[in-house]
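Colleague: Provide a 3D model corresponding to the input given below.
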Amino acid sequence: MNQPRLPLSQPGAKRRRRRPQPPTPRRRPTGSEVTQTAFDDSGFDDSGFNDSGFDDSGADESAPQVEVRRSSRRTRTVTAYRDRDTIVVLIPQRMSKADEKTFVRDMVERVLAREARALAPRGDEALVARARDLAATYLAPALDHMPEPAGVSWVTNQQQRWGSCTPSTGLVRLSHRLQPMPAWVVDYVLLHELAHLVEPSHSDRFWRLVGRYPATEKAKGYLEGYLAGKGRQADEFDVD
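Modeller: Residues are numbered from 1 along each chain as shown. This is a model prediction of the structure:
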């Protein structure tokens, strides 16, 4: 039985070339990424999983979502990073289920711990402890004593100012509007108010004390940009 012949290409006909596919973009590491070396090959098995079998049954509803991704390129390291409301953990393709469970739990805890350190203190007790640390680090070396406030607290009645200090009573108050902001911004405002315990006015000496905090200008720019986004111009008394 004769097989049908394939049509011959016409002389001079152009062959269609396949367009090369662009390479898959690699994920950029984020500042909150943590990496850990896994272990030697004895920690692997030959099950060849394509997807995660991470068991999150019985997990706390308040805990973050966790996504585990296996990679054939990854052989000895485990990496975790935050992607919006999910913590992504990258593990070697051939990691055993038992090791996966251990490493995922450890890496999630590391990410959460790093995020906690980057957040501003939430409660008044944590704010007092932070004020003590800032005073000891930046003010005490320039003075013959360490300024100690009588009280430090978050307040909800300061809508125009970021913070305030009453030198006569030693009370320092920070606006609750600072709480979602980076910790280094809150530290600046807190140190600013602590400096008023030593120097009530915005004198040259006052600004020299505040300037000992490395992120002073950066934090001032952040607050100015925030107010500009709200359609308001910053002034010297926003941080009293």
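
Colleague: what residues are up against P64?
Modeller: D85, T86, I87, V108, L112 (Cβ atoms under 8 Å, 6 or more residues apart in numbering). (C-beta placed from N, C-alpha, C; glycine too.)

Colleague: try 7 Å this time
Modeller: D85, T86, I87 (Cβ atoms under 7 Å, 6 or more residues apart in numbering).

Colleague: where in the chain is pLDDT low?
Modeller: Scanning the chain for pLDDT under 70 picks out 1-63, 116-118, 233-240.

Colleague: Break down it into its helices, ranges please.
Modeller: Per DSSP state H, the chain carries helices over the ranges 97-118, 124-134, 183-195, 204-210, 216-229.

Colleague: Rebuild the ones you listed as CSV, extending it with mean neighbour count and distance to V78.
Modeller: Listed next are the helices of the chain as CSV, based on neighbours: other Cβ atoms under 10 Å; distance: least, Cβ to Cβ, whole Å:
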stretch, mean neighbour count, distance to V78
helix 97-118, 15, 5
helix 124-134, 16, 31
helix 183-195, 24, 27
helix 204-210, 15, 42
helix 216-229, 15, 33
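
Colleague: And stretch 72-84, end to end?
Modeller: This stretch, stretch 72-84, spans 25 Å end to end (Cα to Cα, to the nearest Å).

Colleague: buried residues in that stretch?
Modeller: By neighbour count on 16 or more other Cβ atoms under 10 Å, the buried set for stretch 72-84 is R74, V78, T79, A80, Y81, R82.

Colleague: now do stretch 84-99
Modeller: For stretch 84-99, burial by neighbour count (16+ other Cβ under 10 Å) applies to I87, V88, V89, L90, I91, P92, Q93, R94, M95, S96, D99.

Colleague: Make sure the second one is actually in contact with Y81.
Modeller: Just to be clear, that refers to V88. Yes - using Cβ atoms under 7 Å, V88 is in contact with Y81, at 5.8 Å.

Colleague: can you give me the strands for this structure?
Modeller: Residue ranges of the strands in the chain, as given by DSSP state E, are 34-37, 65-71, 77-83, 86-92, 151-155, 163-166, 171-175.
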